[in-house]
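[1] Here is the input, now give the coordinates:
(4 chains)
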There are 2 protein chains.
Amino acid sequence: MVKGPTVYDVAKRAGVSIATVSTAFTQPHRVRDSTRDSVLEAARALGYVPSASARGLAKGRTGALGLFSFDYLNLLPEAEENDDEDVSEANGDCRMFPIWVDEVQRGVELECFRRGYALMLGGGNKASGERAVTDIAGRVDGLIVFARTIPAEVSRRISARIPVVELSDPSGDSGLHRVTIDNASGIGHLMEHLIGFHKFRKFMFVTIPNAETQARYNAFRTALHAHGLDVPPPLEGHPGANAVTSGLIADLLASGSLPDCFVCANDQEALVVMDTLKAAGIRVPHQVAVTGFDDIAAGRLARPSLTTIRQPMEMIGRTAVRILADALTDPRSAPVERQLPVRLIVRESCGCGAEGN
Amino acid sequence: MVKGPTVYDVAKRAGVSIATVSTAFTQPHRVRDSTRDSVLEAARALGYVPSASARGLAKGRTGALGLFSFDYLNLLPEAEENDDEDVSEANGDCRMFPIWVDEVQRGVELECFRRGYALMLGGGNKASGERAVTDIAGRVDGLIVFARTIPAEVSRRISARIPVVELSDPSGDSGLHRVTIDNASGIGHLMEHLIGFHKFRKFMFVTIPNAETQARYNAFRTALHAHGLDVPPPLEGHPGANAVTSGLIADLLASGSLPDCFVCANDQEALVVMDTLKAAGIRVPHQVAVTGFDDIAAGRLARPSLTTIRQPMEMIGRTAVRILADALTDPRSAPVERQLPVRLIVRESCGCGAEGN
DNA sequence: TTGAAAGCGCTAACAC
DNA sequence: GTGTTAGCGCTTTCAA
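    You can find the predicted model right below:
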């Protein structure tokens, strides 16, 4: 990794000034053909690779966008040097790859590349603290963060410097750009199906409380009210603690009061619920129905396959990039919020056939 | 996106020099406690976000690693502003998400974050040309590229500046670092199973020719020779052209000479073969067996599930990062090549039960 | 059309 | 322990 050639080297070899070299690369038409040719020739001969750092410093722009993913699965600390083992298998099924985040990331990647941006990925965990976000923020022209992964104070500070879009949480006053989904109508359609078509009457909402799932619960409540049905308090689990949810379901079973349907705030919970029921010998959907939200891949593979509400994950990612690109074009623009539609995916776990996948 | 505060602003507010500000951040212990506090306080108050460009320029290191993915699926040009549609669904099943590349990328991400590197993702397509690689190469301290995605000349030039590791192709003289897998013993075990256990005698190798699949074919041939069996010429498809493979299979069917087993150079081809057979009314594995290589997720979902050879994808990614980290530590080190083991995954398509997933 | 020169924001010697 | 001072490699006026 010897120090590579710079504009100076190229300039010298081509017999021109560094300004000309720079111009030859960035605005080819403003340079005489013969000059440009000799510059490019020199660059090629020398193996010239422009330094993005220098370029970024000079222009005040890096040409890259950032995506910050919190390490929601505590994977970072592990794995020292155990070369022999494929870690991905060890935590194979708990990983449920690809998870929601991965599909959104995919959308971000595609749209970035399409628009000629490089994508900077940053990861954080409890240890790294806000250091990690700040670090990546300093590297890019715009940043995308998942909701609830970093303190509001931090994202606000960063947004004073570069545009920031937060993904998928009901709107706040944060002053950030935002991409959300239509939780209300999603749950609305689902409840319509469960109440209208399946004639279910007794429901139980299983959730892990946060702003997003709260919106879903609200819609759930609204739907029940509209049909004059009872609204039970939600069963609340904890992030990453399947056992808690599992325990709540077990308690419910012990009490002998099974609902007609478990409406879960997301697919992960729904799968836990289904597993718990299965372990208890309860048959889904025959004895009780279960539904999710998100449409992660694992839900399609589950037996029975999971009836759920699909988030347009790739589109969420693409939209975030578009917002940043626009904000970069017109820096004076106000924070925008884009709400994306969701779609009811009827599969087996609600009692329907296997249609629709 | 107003111009953010710089070291100068922080220094002024804290009443110290810029050198002290810098030191307070990079080597906290070398600064008096009270000084450090006032610096950090000033930074916080101002909303200071260090510029990675400036830092990178000054240090000669960016603290980021790069991963370059070629746009193997021609996805870039599409999708103008059709906000209403979720593109990911449109090409849903042809995408077969997550594909091999995604899982490797996952490993790269995890290992990068664990080691405190940011990850720069770059994408290229026919249009962008080598421009895209060069661009990302200029942004990082080390680069990971998938085999056969960029011209050898380009990767060589880049490797003169920063360490480059190429993923998963039989070794070449390229002078690059390299992570490969043990194609030979993988195919060896597979053939042992097919010949020894299933007693198959007539095989057909389906491939898309490249250095990697060539190694697999060689192992295939070796195994047949070892058992004194005939070695038929491979059926050769084209990248991205399922129809071609499909056509070859159809021709074979028309000729009425079905083998006992189709050994495919990768899972994607295997799935195409299975689909074609299914369409022709041939039952797998009852009438003919099919095997793949890679173990992509889609193979697990297929009916019958695909017997294949699993690459340790996440480990491939992690290993690449380790190599770069080491190379960065000791710049004078020679190119290293690490060969990772693979594992036979016996599922249904070879005629076995559904065990092992 | 090309060159000279002034930074961009930060780090790293080296003084103090 | 802290300040001074050079750059790092590139872009960008502004002259020539």
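[2] name the element the residue nearest to the spatial centre of chain A belongs to?
    Compute the mean C-alpha point of chain A, and by CA atoms, centre = their mean the closest residue is A:V101, 3.7 Å away. Here A:V101 sits within helix A:100-114, counting by DSSP states H and E.
[3] Quick check: residues of chain A near DNA strand C?
    Within reach of DNA strand C by CB under 7 Å from any atom of the strand, chain A has these residues: A:15-20, A:23, A:30-32, A:34-36, A:54, A:57-58, A:60. Yep, even glycine has a C-beta here, placed from its N, CA and C like the rest.
[4] Repeat the analysis, applying 6 Å as the threshold.
    For chain A, the residues found near DNA strand C under the criterion CB under 6 Å from any atom of the strand are A:16-20, A:30-32, A:35, A:57-58.
[5] coming back round to it: just the C-alpha atoms of the helix holding A:V101, please, in PDB.
    Coordinates of each C-alpha in helix A:100-114 appear next as PDB, following Å, rounded to 0.1, in the frame of the first residue of the first chain:
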ATOM      1  CA  TRP A 100     -37.100  -6.200   7.700                       C
ATOM      2  CA  VAL A 101     -34.000  -4.000   7.900                       C
ATOM      3  CA  ASP A 102     -32.200  -6.000   5.200                       C
ATOM      4  CA  GLU A 103     -34.900  -5.400   2.600                       C
ATOM      5  CA  VAL A 104     -35.100  -1.700   3.300                       C
ATOM      6  CA  GLN A 105     -31.400  -1.600   3.000                       C
ATOM      7  CA  ARG A 106     -31.600  -3.200  -0.300                       C
ATOM      8  CA  GLY A 107     -33.900  -0.500  -1.500                       C
ATOM      9  CA  VAL A 108     -31.500   2.100  -0.300                       C
ATOM     10  CA  GLU A 109     -28.600   0.500  -2.100                       C
ATOM     11  CA  LEU A 110     -30.400   0.200  -5.400                       C
ATOM     12  CA  GLU A 111     -31.600   3.800  -5.400                       C
ATOM     13  CA  CYS A 112     -28.200   5.100  -4.300                       C
ATOM     14  CA  PHE A 113     -26.400   3.300  -7.100                       C
ATOM     15  CA  ARG A 114     -28.900   4.300  -9.600                       C
END
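[6] In the sheet, which strands lie alongside the helix or strand just after that helix, parallel or antiparallel?
    On the C-terminal side of helix A:100-114, the closest following helix or strand by DSSP H and E is strand A:118-124. Strand A:118-124 sits in its sheet next to strand A:64-70 (parallel), strand B:118-124 (antiparallel), going by DSSP bridges.
[7] tilt between whichever helix or strand comes after strand A:118-124 and strand A:118-124?
    The helix or strand immediately downstream of strand A:118-124 is helix A:130-137, counting by DSSP H and E. If you take axes from the mean of the first three to the mean of the last three CA atoms, to 10 degrees, helix A:130-137 sits at 180 degrees to strand A:118-124.
[8] Only alpha carbons, please: show the helix or strand just after helix A:130-137 as PDB.
    Per DSSP H and E, the first helix or strand lying C-terminal to helix A:130-137 is strand A:142-146. C-alpha atoms of strand A:142-146 as PDB (Å, rounded to 0.1, in the frame of the first residue of the first chain):
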ATOM      1  CA  GLY A 142     -27.100  12.800   3.800                       C
ATOM      2  CA  LEU A 143     -28.000  10.200   6.400                       C
ATOM      3  CA  ILE A 144     -30.800   7.700   6.700                       C
ATOM      4  CA  VAL A 145     -31.500   6.200  10.200                       C
ATOM      5  CA  PHE A 146     -33.900   3.700  11.400                       C
END
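[9] and A:T35, what element?
    helix A:33-46.
[10] And that helix, what does it pack against?
    Contact partners of helix A:33-46 among helices and strands, from 3 or more CB pairs under 8 Å, 6 or more residues apart in numbering or on different chains; DSSP states H and E: helix A:7-14, helix A:18-26.
[11] what's the average pLDDT for stretch A:320-334?
    In this model, stretch A:320-334 carries a mean pLDDT of 92.
[12] Up against DNA strand D, what does chain A have?
    Checking chain A against DNA strand D by CB under 6 Å from any atom of the strand, the hits are A:3, A:6-7, A:18-19, A:22-23, A:25-26, A:50-51, A:54-55, A:57-59.
[13] Can you say which of those are buried?
    Listed as buried from those are A:6-7, A:22-23, A:25, A:50-51, A:54-55, A:57; burial here means 16 or more other CB atoms under 10 Å in any protein chain shown.
[14] For DNA strand C, what's the nearest residue on the stretch 151-300 of chain A?
    Residue nearest to DNA strand C within the stretch 151-300 of chain A (CB to the nearest atom of the strand): A:R161, separated by 10.3 Å.
[15] Remind me which helix or strand that residue belongs to.
    Assessed by DSSP H and E, A:R161 sits outside every helix and strand.
[16] related to what we said a few turns ago, min pLDDT across the residues of chain A next to DNA strand D, which one?
    For those, the minimum pLDDT belongs to A:K3; the value there is 75.
[17] is it true that that one lies in a helix?
    No. Assigned with DSSP: H, G, I helix; E, B strand; the rest coil, A:K3 falls outside any helix and is coil.
[18] one step back: touching, the residue nearest to the centre of chain A and A:L67? I think so.
    No. Using CB atoms under 8 Å as the test, A:V101 is too far from A:L67 to be in contact (9.6 Å).
[19] what ranges of chain A fall below the confidence cut-off?
    Under the criterion pLDDT under 70, the flagged ranges of chain A are A:1-2, A:71-98, A:125-127, A:354-357.
[20] Now do the domain split for chain A, please.
    Residue ranges for each domain of chain A read A:1-46, A:64-181+A:312-340, A:183-311, as given by automatic domain parsing.
[21] looking at the ones you listed, which is closest to B:R131?
    The minimum distance between B:R131 and the domains of chain A falls on domain A:64-181+A:312-340, with 9.5 Å, by CB to CB.
[22] Return the distance of whichever residue of the stretch 251-357 of chain A sits closest to DNA strand C relative to DNA strand D.
    Closest approach between the stretch 251-357 of chain A and DNA strand C, counting by CB to the nearest atom of the strand: A:P331, at 14.7 Å. Counting by CB to the nearest atom of the strand, to the nearest Å, the gap from A:P331 to DNA strand D is 15 Å.
[23] Helix, strand or coil: sort out that residue for me.
    Per three-state DSSP, A:P331 ends up coil.
[24] give me phi/psi at it?
    phi -60, psi -20 (degrees, to the nearest 10).
[25] what's the neighbour count on it?
    Using other CB atoms under 10 Å in any protein chain shown, A:P331 has 10 neighbouring residues.
[26] Surely A:E130 and A:I150 touch.
    Yes. Between A:E130 and A:I150 there is a contact at 6.5 Å, judged by CB under 8 Å.
[27] Neighbour count: the two, which is higher?
    Between A:E130 and A:I150, A:I150 has the larger neighbour count (other CB under 10 Å), namely 23 against 16.
[28] who are the neighbours in contact with the closest residue to that one other than its chain neighbours?
    Closest residue to A:I150 apart from its sequence neighbours, by CB to CB, 6 or more residues apart in numbering or on different chains: A:V133 at 5.1 Å. When contacts are counted by CB atoms under 8 Å, 6 or more residues apart in numbering or on different chains, A:V133 touches A:68, A:122, A:124, A:145, A:150, A:154-155, A:158.
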